[in-house]
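A.B. asks: dropping a prediction and its sequence here:
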2 protein chains.
Amino acid sequence: MLQSSTILLGSLLSIMAVSTVVRGDEGMWLFNALPLKHLEQNHQFSPTTEWADHLRLSSVRFNSGGSGSFVSSDGLVLTNHHVASDTLHKLSTPERNIIDAGFLAKQPSEELPAPDLELNQLVSIENVTERVNAAVAADLNSDEASKARRAIISTIEKESLDSTGLRSDVVTLYGGAQYHLYRYKKYTDVRLVWAPETKAAFFGGDADNFEYPRYCLDASLMRVYEDGKPAKIDNHLGWSDQPVANGDLVFVSGNPGRTQRIFTTAAFKFLRDERLPYVLDFLRRKEIMLQQYGLEGIEQKRQARDELFGIQNARKAYTGMLAGLQSPQTIQTKQAAEDQLLSAAAKDEGLKPLTSAWQQIADIQIEKAKLLGQSTGFQSRLYDIAETLVLMSAEDQKPNSERLREYGEAGRESLLQDLLSEAPIYPDLERAKLADELARFVEQRGGDDPLVQHVLNGQSPQERASELIAGTKLADVAARQTLVDGDRTHVLASDDALISLALLMEPEYRAHRTRREELEEQERQAYTKVSEVTAAIDGTDTYPDATFTLRLAFGTVKGYQENGQTVQPWTVLNGAFEHAAEHEGQEDFDLPESWLAAKEKIDGHTQLNFICTADIIGGNSGSPVVNREGDLVGLIFDGNIQSLTSDYLYSDEQARAVSVSAAAIREVIRNVYQAPELADSLGK
Amino acid sequence: MLQSSTILLGSLLSIMAVSTVVRGDEGMWLFNALPLKHLEQNHQFSPTTEWADHLRLSSVRFNSGGSGSFVSSDGLVLTNHHVASDTLHKLSTPERNIIDAGFLAKQPSEELPAPDLELNQLVSIENVTERVNAAVAADLNSDEASKARRAIISTIEKESLDSTGLRSDVVTLYGGAQYHLYRYKKYTDVRLVWAPETKAAFFGGDADNFEYPRYCLDASLMRVYEDGKPAKIDNHLGWSDQPVANGDLVFVSGNPGRTQRIFTTAAFKFLRDERLPYVLDFLRRKEIMLQQYGLEGIEQKRQARDELFGIQNARKAYTGMLAGLQSPQTIQTKQAAEDQLLSAAAKDEGLKPLTSAWQQIADIQIEKAKLLGQSTGFQSRLYDIAETLVLMSAEDQKPNSERLREYGEAGRESLLQDLLSEAPIYPDLERAKLADELARFVEQRGGDDPLVQHVLNGQSPQERASELIAGTKLADVAARQTLVDGDRTHVLASDDALISLALLMEPEYRAHRTRREELEEQERQAYTKVSEVTAAIDGTDTYPDATFTLRLAFGTVKGYQENGQTVQPWTVLNGAFEHAAEHEGQEDFDLPESWLAAKEKIDGHTQLNFICTADIIGGNSGSPVVNREGDLVGLIFDGNIQSLTSDYLYSDEQARAVSVSAAAIREVIRNVYQAPELADSLGK
């Protein structure tokens, strides 16, 4: 599943995006710099400005880590079940498990408001590179440069928010070579309309995840509201019921989370030998912990299910990514290209001084490795809330331009929406997670570490976690609101156990973050040089690495060869029933009752899933796939195993993006979920 | 489950066993040094020599990592289902899953021969300390001392084997203060008679493992044969059908695998901060890997099931052990006792020089930490075979007294039985395991390491694993036999891919092992001093740490307090049905069909599981529990969560050993499994 992992994306997103040589249908293109020449030459397609604007304005980003699109004039938004699952989980109760059982609002009044979703529609892009660079004097050291850059970015964002009322984010592109101001219309009243059962959406489970052929109805419909009514949408996608054909040109408009295609060989080796093994140990630990919690009972399993799914998904993705990096060929190929580039640059007096950037990046990797395994917080919802309240109370005392980025005024509304969410919090799950995090903290620093001893307060991790959960009121939104309304003195005077713990950890958190941002700034400056050298040698007609902002990818519907067999480019609804029969008795291979009951009613020849060569990555989940006419033909939900290396290397040999067919979605909404009116309204 | 983990025990077993202060019913006593005074004073029980000899001779050790007992004159052996499961797994086929479905031989001809079981009955113990010490001159350095000690031990073992024909092992006790020669009668024709379904044996699954109250029929019956006929057994246990009562004195005769009660504070901290976190990362990795393999299909799940169970069991045990060590109180208590001991020793001129041992042990821990994560092999059955063949071919060129311990002549029969086992090997599972091990090797050393590059041979870990499995014939026992029959030149000339790999790794393996044994020797010498100081200050009436050799423990049947509630000391058969109903819909909480069908036929008031305060540990699984009369009342199969810290600390406050009641075993064999003759023969 191609969801951006909110757990892991954080520190990676800050690594910037830079340019590289483009091959085949490679590319996650900026909407203000589309590859018109390439499309014209290779696909005889010349998108008009209107075509591109319409697609951009029909696309939305989910703050929970995915993409989506408007598919009706009255606010229907299509995304994946697994992108919606964060909301489905928050809307579920012990009595009503929406993730597993699915949901259908028979009328608008039954649509369920999501507790903390924010959807972003990209309404304009402005290049602010000159203004940013002008504010950063050339003679500043990296710490001063970082501060100056952060200050001007905060100022630009705040000015834009004040003048337009739109969410305004300055995005760093091409490793810092460009800065663009993105303005978004926000939708925060988002309601659930329809979701199928997990058995249909995630048919085949963890076993089939990232596999192909595939038979998943990984889709869900929400609706955005304004002023308590379904929003009127000017730009929405038409809906195509036509099957895709071999060789069809298709486009994907979505928000790829992160790629690292320009990374140097040294950076690849850091990923291979340090970061990914570390992340995988972490993920496996959390996977086992959540599995164990789920074994305690059906309700515990329900509570842990959504997070467990996210962890398993990330674990499988990272495993594939590491496997690719461990293949000696990957590094050899990268090294050869780098040697060639550096050798060409060495012959150019203007470029030669810039090549020191490669060594700088290698040195920075060594420093980054030292930061691995230095936790300065405890991943659990309640601790996260406490940490946010503590940091916010300190940041609010500073001028806007000097604050930690996420506490700036431009982002305040989004921050508070999350902080004050009414989404349920499960104390037993929080206790289990916190106990594991405290144990991990002891492991990282050793039990004799003074901070560890202070944190444990003489108790075992389990006992201390119980004490902390019993001693906090932060599960209550009103208690959070009180601290939001107060100031630093209220936070310092709080007797809440988790607030006290977050205050104890605050100096450590800040020291670690300062060091991390220092390294990021040094890396940013080095990659700006790498970008410059690469552009000079390889040309400038390229795209920046992914930044979880809107991009256009394109590709063709196309099968591939695997173990001497041709893998067909699509599956059909009948195939799902056959797949279930072939895997009878295996976990996660049972279709839901609703499908079994409707088997005779549906057109089994309808395409269910299809693949194409478009260049996508985590974060693209839920992206619309459109045809030349701009009509929706599919919904991205996954990549195959061979695509897991596309973080650092695009290939169209075997790597494929996997979509749910638009035709299948309409067919099952009509004939399995028996919602003909909803089916009819798609694309209208 | 209290099975000795064969995966993990290896390097821990070599750590020796030393003495400490005894409290309550603590103790895993040597049969040649029973705590007669304590039993007389505290329990008014004076076992006769005949009583003890009979119990010792009725006990057996399983080479697969557990304990058992003779329970009939015609060779019936009782052990746990989970001790038998290694054999059940090896006897299973895709068509006949004995682990899950259970097994009952209706007549002797249906009894299934285990492919590679060896049962050991301890027939004599001889103190050879003086002879060992005499062979190790005082002026030798640690390397020379180690060699000299290994040589004399090999010689003693070989002499004993030649003169008695019995398996002869010299056991290091009290941290090297004593060496005892154990002679065993071996039974290698062992056949499966009866095993219940996993649903009965492991009712409650991973969730209930190490929990109490408990409702498991974790039992199995085998039979030893001699000359193709059921062996005539002179010493077997009587069978008691009486329920145990509160306060009953009971005895456990079994083979505890390893304890580390005498460890110094520094050694505890090494476990807490280095070794256990490392082991847990490893176990979680393997758990996920085997789960993933099992997701591929029902047959794959069957293939991986037994190993997965072992990993999960170890992961849960180590998690509890680490949690105990992370509790600041544990270390504080240990440190306080150590301070007191050292302070007393400092006042004694004779003991004072010995106290440097504590600092030596602290220094050794730092060296041991450096060895963590240095794999010199690849855990998979086929690679293990290759490694054994390679090492054996080199060791056989040396005199017996200079060989690596396991290649000595005294152990040759046992080694060959394992090496030439006809137990099935699954190539797909081997490939998956080898790929993961190769990936782990890259992670440990980094992809640029020359040995890594040599091992990978230009391919990814997955590709290389496929090539290696395709290029080996070692799954075929005849191919192994050919290499066993040949010598080093045949091994060196072999074109088998795994033999080549093991040869490539051999220098690394030997270097690492030499370093490890050096440290072990230094530690052994230091702990001999620790042992001496402890004995001088605290007295000598004590027991050595566990060494997977036969010990006697004792305790009383007794409930405990938990969260303000009294936990009752036993459960009954009816409770199993209630437990299933309470957990309806949860995985692993369904009783088997056979139980549901027989519900009305069985006496539901029969005791099913009971607890006692006896001092047990992993390896005690399958140990008989007997009453004052020496009759079997129960079968050890687990400890509760609170007992997981007993590796380093015995407590009778909440920690309990958990047994299957003998009465329940007879009741279900008769009325659920409908084998009245077998039921009648128990104890006869």
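C.D. replies: Cool, the structure landed. Numbers count the residues shown, from 1 in each chain, chains lettered A, B, ... in the order given.

A.B. asks: any low-confidence regions in chain A?
C.D. replies: Applying pLDDT under 70 to chain A flags residues A:1-22.

A.B. asks: domain assignment for it?
C.D. replies: The record's domain parsing of chain A by automatic domain parsing lists A:6-118+A:188-261+A:545-681, A:265-537.

A.B. asks: so which of these is nearest residue B:408?
C.D. replies: Of all the domains of chain A, domain A:265-537 sits nearest to residue B:408, with 38.2 Å by Cβ to Cβ. The way it works is simple: take the backbone N, C-alpha and C, and place the C-beta from them, glycine included.

A.B. asks: chain center to that closest one, what's the gap?
C.D. replies: The chain centre lies 15 Å from the centre of domain A:265-537; the measure is Cα atoms, centre = their mean, to the nearest Å.

A.B. asks: how much space separates residue A:507 from residue A:397?
C.D. replies: Distance, residue A:507 to residue A:397, by Cβ to Cβ, to the nearest Å: 16 Å.

A.B. asks: related to what we said a few turns ago, from the domains of chain A, which stretch is densest packed?
C.D. replies: Highest mean neighbour count among the domains of chain A (mean count of other Cβ atoms under 10 Å in any protein chain shown): domain A:6-118+A:188-261+A:545-681, with a mean of 21.

A.B. asks: contacts made by stretch A:315-324 with the rest, please.
C.D. replies: A:5, A:206, A:209-210, A:271-272, A:276-277, A:279-280, A:283-284, A:287, A:330, A:618, A:641, A:644-645, A:647-649, B:288, B:439, B:460-462 (Cβ atoms under 8 Å, 6 or more residues apart in numbering or on different chains).

A.B. asks: now do stretch A:435-444
C.D. replies: With contacts defined as Cβ under 8 Å, 6+ apart, stretch A:435-444 is touched by A:285-286, A:289, A:373-375, A:378-380, A:383, A:452, A:455-456, A:461-462, A:464-466, B:272-273, B:277, B:322-323, B:326.

A.B. asks: which of the residues you listed fall in helices?
C.D. replies: A:285-286, A:289, A:383, A:452, A:455-456, A:461-462, A:464-466, B:277, B:322-323, B:326 (DSSP state H).

A.B. asks: which of the residues you listed sits closest to residue B:188?
C.D. replies: Closest to residue B:188, out of all of the ones in helices among the contacts of stretch A:435-444 and judged by Cβ to Cβ, is residue B:322, at 37.5 Å.

A.B. asks: so who does residue A:627 touch?
C.D. replies: Taking Cβ under 8 Å, 6+ apart as the test, what residue A:627 contacts is A:240, A:244, A:248, A:249, A:250, A:251, A:633.

A.B. asks: pick out the most distant pair among those residues.
C.D. replies: Pairwise distances across these peak at 13.3 Å for A:240 and A:249 (criterion: Cβ to Cβ).

A.B. asks: spell out which helix or strand contains residue A:469, please.
C.D. replies: Here residue A:469 sits within helix A:461-470, counting by DSSP states H and E.

A.B. asks: my bad, residue A:126
C.D. replies: strand A:119-127.

A.B. asks: contact partners of the helix or strand just after that strand?
C.D. replies: Counting by DSSP H and E, the next helix or strand C-terminal to strand A:119-127 is helix A:129-135. Outside helix A:129-135, the residues that touch it by Cβ under 8 Å, 6+ apart are A:148, A:149, A:151, A:152, A:153, A:156, A:170, A:177, A:178, A:179, A:180.

A.B. asks: what residues are up against the second one?
C.D. replies: Listed by Cβ under 8 Å, 6+ apart, the contact set of residue A:149 reads A:132, A:135, A:136, A:521.

A.B. asks: counting neighbours, what do you get for the closest residue to residue A:405 other than its chain neighbours?
C.D. replies: Excluding its sequence neighbours, the residue lying closest to residue A:405 (Cβ to Cβ, 6 or more residues apart in numbering or on different chains) is residue A:150, at 6.7 Å. The number of residues packed near residue A:150 is 20, by other Cβ atoms under 10 Å in any protein chain shown.

A.B. asks: repeat that for the one 4 residues further on.
C.D. replies: Number of residues near residue A:154 (other Cβ under 10 Å) recorded here: 22.

A.B. asks: which element is it on?
C.D. replies: Using DSSP H and E, residue A:154 falls in helix A:142-164.

A.B. asks: quick one: residue A:274 from residue A:317, how far?
C.D. replies: 18 Å.

A.B. asks: residues from the stretch 151-300 of chain A in reach of chain B?
C.D. replies: Residues of the stretch 151-300 of chain A found near chain B (Cβ under 8 Å from any Cβ of the partner chain) are A:205-207, A:269, A:272-273, A:277, A:280-281, A:284-285, A:287-288, A:292, A:295-298.

A.B. asks: run the last query once more with 7 Å
C.D. replies: Neighbours of chain B within the stretch 151-300 of chain A, by Cβ under 7 Å from any Cβ of the partner chain: A:206-207, A:269, A:272-273, A:277, A:281, A:284-285, A:287-288, A:295-298.

A.B. asks: same question, the stretch 451-600 of chain A
C.D. replies: Checking the stretch 451-600 of chain A against chain B by Cβ under 7 Å from any Cβ, the hits are A:453, A:456, A:458, A:460, A:461, A:462, A:585, A:586.

A.B. asks: now distance to residue A:198 too, for the residues you listed, in TSV please.
C.D. replies: Shown next, in TSV, are those (distance: Cβ to Cβ, whole Å):
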residue	distance to residue A:198
A:453	44
A:456	38
A:458	43
A:460	36
A:461	32
A:462	31
A:585	18
A:586	15
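
A.B. asks: between those, which is nearest chain B?
C.D. replies: For those, the residue nearest chain B by Cβ to the nearest Cβ is residue A:460; the value is 3.6 Å.

A.B. asks: my read: that closest one touches residue B:331, true?
C.D. replies: No. Residue A:460 is beyond contact range of residue B:331, at 11.1 Å (criterion: Cβ atoms under 7 Å).

A.B. asks: about what we covered before: tell me which helix or strand comes right after the helix holding residue A:469.
C.D. replies: Scanning forward in sequence from helix A:461-470 by DSSP H and E, the next helix or strand is helix A:477-485.

A.B. asks: and the next helix or strand past that next one?
C.D. replies: helix A:488-493.

A.B. asks: helices and strands around that following helix, which ones?
C.D. replies: Contact here means 3 or more Cβ pairs under 7 Å, 6 or more residues apart in numbering or on different chains; DSSP states H and E; on that basis helix A:488-493 packs against helix A:381-395.
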